[in-house]
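1. The amino acid sequence is not available; the structure is as follows:
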């Protein structure tokens, strides 16, 4: 019984860290509960941060706008 409680608590901690990632809280929680919290940490480490994804999209948008300015379509 104690092992199950510890397992769930560790899974919740891992899911909280996963909330700021692309995978999200719920998917990370399920992965941690059904696989192991260690696997959940591995999944989190390979998942991109939401902030990085938004920054990448903004950079791509600005790059496209810049290219359109220097090379206008005729």
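-> All right, it came through fine. These numbers come from a predicted model, not from an experiment. Numbering: from 1, shown residues only.
2. and the most centrally placed residue in the chain, bridged to which residues?
-> The centre of the chain sits closest to residue 21, judged by Cα atoms, centre = their mean, with a distance of 2.0 Å. With DSSP bridges as the criterion, residue 21 is bridged to residue 49.
3. Do you know the pLDDT at it?
-> Listed pLDDT for residue 21 reads 87.
4. In this structure it contacts residue 28, no?
-> Yes - the pair residue 21 and residue 28 qualifies as a contact (Cβ atoms under 8 Å) at a distance of 7.2 Å. Every residue, glycine included, has its C-beta placed from N, CA and C.
5. what's the overlap in contacts for these two?
-> residue 44 (Cβ atoms under 8 Å, 6 or more residues apart in numbering).
6. hmm, back to that, run through the residues that contact the residue nearest to the centre of the chain.
-> Residues in contact with residue 21, defined by Cβ under 8 Å, 6+ apart, are 28, 44, 47, 48, 49, 50.
7. what about the fifth one, distance to residue 69?
-> When Cβ to Cβ, to the nearest Å is applied, the distance between residue 49 and residue 69 equals 30 Å.
8. Looking at these two now, which is surrounded by more residues?
-> Applying other Cβ atoms under 10 Å to residue 49 and residue 69 shows that residue 49 carries more neighbours, namely 12 against 8.
9. give me every residue that touches the more buried one.
-> Neighbour list for residue 49: 20, 21, 22 [criterion: Cβ under 8 Å, 6+ apart].
10. And the pLDDT at residue 34?
-> At residue 34, pLDDT is 90.
11. and it, how many neighbours does it have?
-> Residue 34 has 10 neighbouring residues, counting by other Cβ under 10 Å.
12. and if you look at residue 28?
-> Using other Cβ under 10 Å, residue 28 has 25 neighbouring residues.
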